[in-house]
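>>> build me a structure from this.
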Amino acid sequence: MLAIHSLAQITITQTDLPIVGTYYINATDSNYVAPIPAGGAAQSWNYSSLLNNVQDTIGFMSSVGTPYASTFPQANLAGFDANTNAWIYFISNSTGFYVNGAYSSAFFGGILLNYNPPQLIVPAPFTYNDTRLSNYRFEYADTTSLISGSPDSVKYIINGTINMLGDGYGLLTLPNANHPNTLRIKSTTVQSDTIQVKIPFVGWTTFSSTQTQTTNYRWVKNGTASNALLLEISADSAGQTSETSSYLLNSGVVAVSNEVKNESKTTAYPTPAKDFITFNFNNRLNSDAVLVIYNAQGQKVKQINVGNLDIFTARVNLFVNGVYFYNVVSTNGIEDKGRFVVNK
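Next up is the predicted model:
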């Protein structure tokens, strides 16, 4: 019997955007080069030949209680990327899903990127033939002086304008699934990169400025916040030939909201975890406090004395993939509890 797929036009709304407790596991085909297929109504896009060269996981948690939340007061979501040791902060609201900024300790002792305005990733509400114009900007000052006695001697400024178009809808075929009703969003970005140098007695002077254009295609669907973004293709500046791709392998909901409701609430991140997971106890525990971790069958897999600690990082690279539960206990009883996911 032939499978019959409907090709309905859809609208992406705020309810389809990531929320606390959802996660995405993506596969990247970094060498995929092919012409970009046409947009339009009732299309059929076949990407069943994409490879899984690199696999990456990002889980979304409440930004409250995370290490750099005060730097991104507008953000309501956060994620941790273990590959770059970076915290990424997002804004999800009725107008769309944005990147607010990031902090990584893996580069030059720590780099803070704060987008103001934030960078729009998925607009909402959005449907076929809709358009959206969005601007973003960030500024980074290098505090390592190149000129003796002149702090903040180099400044990097990026300004970008994104033109978004709902340029098609239809059936999307990936290596692991068919998705009948999807919306394709074409994003054309013009970005200017400026380097300024601080010259004594003169002030900030532009050293160089370049402008580039990039094109990006995203396929999205509605119905659930845990798997709305299905496929992302980065293309050449003209938007005619793909250069890299990333598609959804798996997704889900891993926990109830981890928003801190009081000072004693524990947060666990990143989730899903790959090699390590960090527990932030948010205030000093009793001296006899113990962290106990159980697998989904209720078996104890790890027990650690965490008395008087604020933060503790545990190695989970030998854990079997799955859901785990933790209790923070002391002579006063169970002080806190929660759960996290391991996916390697």
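>>> where does the stretch 1-150 of the chain have low pLDDT?
1-6, 81-85, 105-110, 142-150 (pLDDT under 70).
>>> if we go to 90?
1-8, 18-27, 30-31, 52-70, 78-87, 103-113, 138-150 (pLDDT under 90).
>>> kindly report the same for the stretch 151-300 of the chain.
Ranges of the stretch 151-300 of the chain meeting pLDDT under 90: 151-156, 196-205, 207, 222-228, 237-238, 247-292, 294-300.
>>> which residue ranges of it form strands?
Here the stretch 151-300 of the chain has its strands, by DSSP state E, counting those that start in this stretch, at 154-174, 177-199, 203-220, 229-235, 242-253, 267-269, 276-280, 290-294, 300-305.
>>> for K337, which of these is the nearest?
strand 290-294 (9.4 Å; C-beta to C-beta). Every C-beta, even on glycine, is put in place using the N, C-alpha and C of the backbone.
>>> Provide the strand pairings for the closest one, with the direction of each partner.
According to DSSP bridges, strand 290-294 forms sheet pairs with strand 300-305 (antiparallel), strand 322-330 (antiparallel).
>>> pick out the shakiest of those strands, pLDDT-wise.
In terms of average pLDDT, strand 322-330 trails the rest of these, at a mean of 81.
>>> ok, residues contacting that strand?
254, 266, 268, 279, 281, 285-286, 288-296, 301, 306-307, 316, 334-342 (C-beta atoms under 8 Å, 6 or more residues apart in numbering).
>>> need the residues that contact the helix or strand following it.
Sequence-wise, the next helix or strand downstream of strand 322-330 (DSSP states H and E) is strand 333-342. Contacts of strand 333-342 with the rest of the structure, by C-beta under 8 Å, 6+ apart, involve 23, 59, 254-255, 258, 264-268, 271-274, 277, 281, 285-286, 289, 316, 319-329.
>>> which one of the strands paired with strand 290-294 lies nearest to S209?
strand 322-330 (49.7 Å).
>>> buried stuff in that closest one?
Residues V323, Y324, F325, Y326, N327, V328, V329 are the ones in strand 322-330 that count as buried (16 or more other C-beta atoms under 10 Å).
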